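**Student:** output the structure for:
(2 chains)
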Protein chains: 2
Amino acid sequence: MVPSLSSSDNNGHVSSTPDTCSDNKVVPVSSIAAALAKPDESPYYIGFEKVRVDEYHNVSNPEGIIQLGLSENTLSLDLLKEWLNKNLNESLSQGSSDGLINVDKLAPYQQFDGIMELKKVMARFMSEVLGGGTIEFDPLQVVLTCGANPANEILCNCVADPGDAFLVPAPYYPGFNRDMKIRSTVELIPVPTLSSDNFIVTIEALNIAYDQAKKQGKNVKGLLFANPSNPVGNMFNKETLQNLLNFAKEKNIHIISDEIYAGSRYGDDKFISIAEVVYPESIEKDRVHIVYGLSKDLCIPGFRLGVVYSWNQDVLTASKKLTRFCSVPLPIQQILLSMLSDGKFIQDFMKTNQERLRKRYSIFVEGLEKLGLGYVKGSAGLYCWVNMGRLMSSQDEKGELELWDKLMNIAKISVTPGGACHCTEPGWFRCCFARLSVEDVCLTIERIKRIVESVKPKCCGCQCDRNRAK
Amino acid sequence: MVPSLSSSDNNGHVSSTPDTCSDNKVVPVSSIAAALAKPDESPYYIGFEKVRVDEYHNVSNPEGIIQLGLSENTLSLDLLKEWLNKNLNESLSQGSSDGLINVDKLAPYQQFDGIMELKKVMARFMSEVLGGGTIEFDPLQVVLTCGANPANEILCNCVADPGDAFLVPAPYYPGFNRDMKIRSTVELIPVPTLSSDNFIVTIEALNIAYDQAKKQGKNVKGLLFANPSNPVGNMFNKETLQNLLNFAKEKNIHIISDEIYAGSRYGDDKFISIAEVVYPESIEKDRVHIVYGLSKDLCIPGFRLGVVYSWNQDVLTASKKLTRFCSVPLPIQQILLSMLSDGKFIQDFMKTNQERLRKRYSIFVEGLEKLGLGYVKGSAGLYCWVNMGRLMSSQDEKGELELWDKLMNIAKISVTPGGACHCTEPGWFRCCFARLSVEDVCLTIERIKRIVESVKPKCCGCQCDRNRAK
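**Tutor:** So this is what the prediction gives:
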């Protein structure tokens, strides 16, 4: 039996040995398959399914559901298209003597963990995006994976044994549950944060969670977080990162820092990578691992390029061997090698894309403000973390899910409720805005307005939150 | 702790909790990482490393090691190159209104398990290659993965829990150990076959292995094999497949049939897929799963396209969710969609490629015959299963490894010794011939001759095997 898939995933349909089911002709599947074969119960995934069958389109389905639940950026696909049309053939002809497509660099087997040329330009790109041009990243510490999901899983495999646990400041990205739990079967322990702290985790909360886990006999192996935060959109400052590293040092555990939104900034703050605060002594670096990828910052989730970056030699060696299960196809590597080597394109793309993100974000939060809805001031990411608590009939999980349902079925917008992100304060929703045209941002605000206007103020008429929508 | 990585992989470097190693500042890694961080001891992988630093090239390194250890086919890359040069841009512009590259079909997120258009043409292609044009494959049963390695692993995850076991007729593909064991931690139980049976497994041997495993308390969950056989190169006939299915039915276990070489035929025999013998009743089909992919039959391992094909709905649903870790990039899917839809190209390619394989095979075995070396008459695959027992100083594992070393360091050819494939009869070697020009096949035979000629006959002078090299 596989330990610690969540109990709701794991009841019923338990596999049994042939000997014990000779009357039952159906061949048993594994515990993992039995759990995964069940319908997803998280609103995060239910939302995807609802959108899939009725997605909004301004012409073909104007009454459909607007997708704010998927963290995808389509704002700069025009730039990507232009580059591909100009450079695709050349990128696939590198090194050929006849100027034609160089099949010798595309078709054969290669090291599963990526070609060194791409690792070199990826390290340079990470130095710029994660390190602000001042921190060096070493190509020898880069392992390429087919998307960031396997990068997360691989690090999980390398750091934790089945049944071990990670501390994860919550709210956190719902996908961590799948990346880290469906096959690796580690436990993710949410560490609560407060809106009054802007949802930034405190060392006190980490200590409490750690001590509690130890008391329960759990083997905490690491601290996992996204920086920039997903779903909140803010970033850790240097002091906080230093404190997190000290905490990890004290407990002798690992840190996995998911920095996949580092280049998707729309605020003015400087991003600080965990790479900037690791001590020069190898012993500290050994516990630090970064997940990166191009899905968000270059708007190409369809290209599936993820990165494990680690200072730990055992983790690197093991990660490389595990890429046999998630190796990046060579044509993709060659295209991205050319793209990342094109300094002018990359610089222009990042600048323009960030400007566009900033514009969408501004229009969206302006609309929220007009509706009297609160939000956390974000710096990066493709989403905004919105407080809709005052639109709920009750300040609890039930009220949150009811509102989520109303947003989906009345307002026709799909968002991610905070509960799906293990947020302990009800009423927060992640709204992804980077797939929307300016017009569709305005339409989204209009649709939320339907719900706002349908909510009758319930309090005494004072100037509290509940009355601000009047 | 993870069970059943081989004991030699797993000793030393055991992870421990922070509490027990407060004096040891090095942060512990997982059992998987600790095992994988050690050097590979299998000659299969040592061979790769040796070739990597000193690979033969007819011009730049004529004294280097000729790679016969890698099952790769480069014989028809010219056809692939021609097709790509003609069709690449069109394949990536499908559905665009301006004739330019259609970035909307390449950049965004898609279902992780593959686009339906590609599943449809893949099902048709499998009907041709695996089903001889008479068996239908259903696109709804196709799950696309980034190479066949994750397809193997996913099926393993879906069928077996950690610690469960598979019966695997041996000799078997050394990579199964990595695909099925390094992360899934199932046990592979080799079921011995005999040269006198052409290394085709018998039901008697399966029953003995099954009973023995049960006695040892093992939970046998499936039967895993490659058909066409890797490393032997022959194929199961219909009767054998029927017997294997009956055996699986009797024990109520799964069958995973790896058919990745089905289109790489060089003999005259018709290939019979397990799909051809599954009963019409769903209860039998539920236990049968096929692994396929384009790495071998279309000579494109660099494109990383694998397939899980199953009749079991739970396995399909679970497999689809697990493709979040091995999703095929959209540009690759679009290129292969165009390629597989190009019926004339595919037909010509398969025909020409098979002719070229046949030619290489013929020259190679002709050379072996001249040297007086035995081999199993193959039908498919990119390799020949050669008996070099008479060149060994002793008829055991030690003698086999000594000869492997001589072949590597004196003859300068890298081959896979049978021991690495769990073959119980010493003296057999897998020799991959599909990366060699005709000249290099002849050079390989010349190099083997060096060893043949250095071997003094040791027996009495009778007409036994040992004297045939005189």
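**Student:** okay, now the unreliable bits of chain A?
**Tutor:** A:1-25, A:456-470 (pLDDT under 70).
**Student:** show me where the stretch 51-200 of chain A has its helices.
**Tutor:** Listed from the start of the chain, the stretch 51-200 of chain A has helices (DSSP state H, counting those that start in this stretch) covering A:77-91, A:116-129, A:148-159, A:175-181.
**Student:** and for the stretch 251-400 of chain A?
**Tutor:** Under DSSP H, counting those that start in this stretch, the stretch 251-400 of chain A gives helices at A:282-285, A:313-322, A:330-341, A:343-370, A:397-409.
**Student:** next, the buried residues of the second one.
**Tutor:** Along helix A:313-322, these residues count as buried under the neighbour rule (16 or more other C-beta atoms under 10 Å in any protein chain shown): A:314-322. C-beta here means a position set from N, CA and C on the backbone, and glycine is covered the same way.
**Student:** pull out whichever of those residues are also neighbours of chain B.
**Tutor:** A:314-315, A:317-318, A:321-322 (C-beta under 8 Å from any C-beta of the partner chain).
**Student:** can you add distance to chain B and give the helices of the stretch 51-200 of chain A back as JSON lines?
**Tutor:** Output for these, formatted as JSON lines (distance: least, C-beta to the nearest C-beta, whole Å):
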{"stretch": "helix A:77-91", "distance to chain B": "4"}
{"stretch": "helix A:116-129", "distance to chain B": "12"}
{"stretch": "helix A:148-159", "distance to chain B": "4"}
{"stretch": "helix A:175-181", "distance to chain B": "6"}
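**Student:** point out the most buried one among those helices.
**Tutor:** Most buried of the helices of the stretch 51-200 of chain A by mean neighbour count (mean count of other C-beta atoms under 10 Å in any protein chain shown) is helix A:148-159; its value is a mean of 29.
**Student:** quick one: it to chain centroid distance?
**Tutor:** Taking the mean of its C-alpha atoms, helix A:148-159 sits 13 Å from the chain's own mean (C-alpha atoms, centre = their mean, to the nearest Å).
**Student:** tell me the angle of that helix relative to helix B:148-159?
**Tutor:** 70 degrees (axes from the mean of the first three to the mean of the last three C-alpha atoms, to 10 degrees).
**Student:** with only the CA atoms kept, save helix A:148-159 in PDB.
**Tutor:** The C-alpha trace of helix A:148-159 is given here as PDB (Å, rounded to 0.1, in the frame of the first residue of the first chain):
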ATOM      1  CA  ALA A 148       8.300  22.300 -14.000                       C
ATOM      2  CA  ASN A 149       5.900  19.600 -12.700                       C
ATOM      3  CA  PRO A 150       8.500  16.900 -13.100                       C
ATOM      4  CA  ALA A 151      11.100  19.200 -11.700                       C
ATOM      5  CA  ASN A 152       9.000  19.500  -8.500                       C
ATOM      6  CA  GLU A 153       8.500  15.800  -8.300                       C
ATOM      7  CA  ILE A 154      12.100  15.000  -8.900                       C
ATOM      8  CA  LEU A 155      13.300  17.300  -6.100                       C
ATOM      9  CA  CYS A 156      10.700  15.700  -3.900                       C
ATOM     10  CA  ASN A 157      12.000  12.200  -4.800                       C
ATOM     11  CA  CYS A 158      15.500  13.300  -4.100                       C
ATOM     12  CA  VAL A 159      14.900  14.900  -0.700                       C
END
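**Student:** for the stretch 251-400 of chain A, what lies in contact range of chain B?
**Tutor:** A:251-254, A:283, A:286-287, A:299-304, A:312-315, A:317-318, A:321-322, A:324-332, A:335.
**Student:** in PyMOL, select just the buried ones from those.
**Tutor:** Listed next is the PyMOL selection for buried residues among those, using 16+ other C-beta under 10 Å:
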select buried, chain A and resi 251+252+253+254+286+287+299+300+301+302+303+304+312+314+315+317+318+321+322+324+325+326+327+328+329+330+331+332+335
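**Student:** just how off-centre is stretch A:26-36 within its chain?
**Tutor:** That offset, for stretch A:26-36, works out to 28 Å (C-alpha atoms, centre = their mean).
**Student:** so that stretch, near chain B or not?
**Tutor:** Yes - for stretch A:26-36, a contact with chain B is found by C-beta under 8 Å from any C-beta, at A:26-36.
**Student:** same check on stretch A:41-55?
**Tutor:** No - using C-beta under 8 Å from any C-beta, stretch A:41-55 never reaches chain B; the gap is at least 8.8 Å.
**Student:** buried ones in that stretch, by neighbour count?
**Tutor:** Buried, per 16+ other C-beta under 10 Å, within stretch A:41-55: A:42-48, A:50-51.
**Student:** can I get that stretch as PDB, trimmed to CA atoms?
**Tutor:** Extracted C-alpha coordinates of stretch A:41-55, given in PDB (Å, rounded to 0.1, in the frame of the first residue of the first chain):
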ATOM      1  CA  GLU A  41     -13.000  16.900  -5.800                       C
ATOM      2  CA  SER A  42     -10.900  20.000  -5.600                       C
ATOM      3  CA  PRO A  43     -12.700  23.100  -7.000                       C
ATOM      4  CA  TYR A  44      -9.300  23.900  -8.700                       C
ATOM      5  CA  TYR A  45      -9.800  20.900 -11.000                       C
ATOM      6  CA  ILE A  46     -13.600  21.000 -11.200                       C
ATOM      7  CA  GLY A  47     -13.200  24.600 -12.500                       C
ATOM      8  CA  PHE A  48     -11.000  23.400 -15.300                       C
ATOM      9  CA  GLU A  49     -13.600  20.800 -16.300                       C
ATOM     10  CA  LYS A  50     -16.400  23.300 -16.200                       C
ATOM     11  CA  VAL A  51     -14.500  25.800 -18.400                       C
ATOM     12  CA  ARG A  52     -13.500  23.000 -20.800                       C
ATOM     13  CA  VAL A  53     -17.100  22.400 -21.800                       C
ATOM     14  CA  ASP A  54     -18.200  26.100 -21.800                       C
ATOM     15  CA  GLU A  55     -15.300  28.400 -22.200                       C
END
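**Student:** could you list the domains of chain A?
**Tutor:** A:7-36, A:98-345 (automatic domain parsing).
**Student:** what's the most buried one of those domains?
**Tutor:** domain A:98-345 (a mean of 21).
**Student:** that domain: end-to-end distance?
**Tutor:** Using C-alpha to C-alpha, to the nearest Å, the end-to-end distance of domain A:98-345 comes out at 26 Å.
**Student:** likewise for stretch A:429-437?
**Tutor:** Stretch A:429-437 end-to-end distance (C-alpha to C-alpha) = 20 Å.
**Student:** off-centre distance for that stretch?
**Tutor:** With C-alpha atoms, centre = their mean, you get 14 Å for stretch A:429-437.
**Student:** list the buried residues in that stretch.
**Tutor:** Quick answer for stretch A:429-437 (16+ other C-beta under 10 Å): A:429-436.
**Student:** hang on, the earlier thing: so can I have a markdown table of the helices of the stretch 51-200 of chain A showing distance to residue A:241?
**Tutor:** Output for the helices of the stretch 51-200 of chain A, formatted as a markdown table (distance: least, C-beta to C-beta, whole Å):
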| stretch | distance to residue A:241 |
| --- | --- |
| helix A:77-91 | 32 |
| helix A:116-129 | 17 |
| helix A:148-159 | 18 |
| helix A:175-181 | 19 |
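**Student:** thanks a lot, see you next time.
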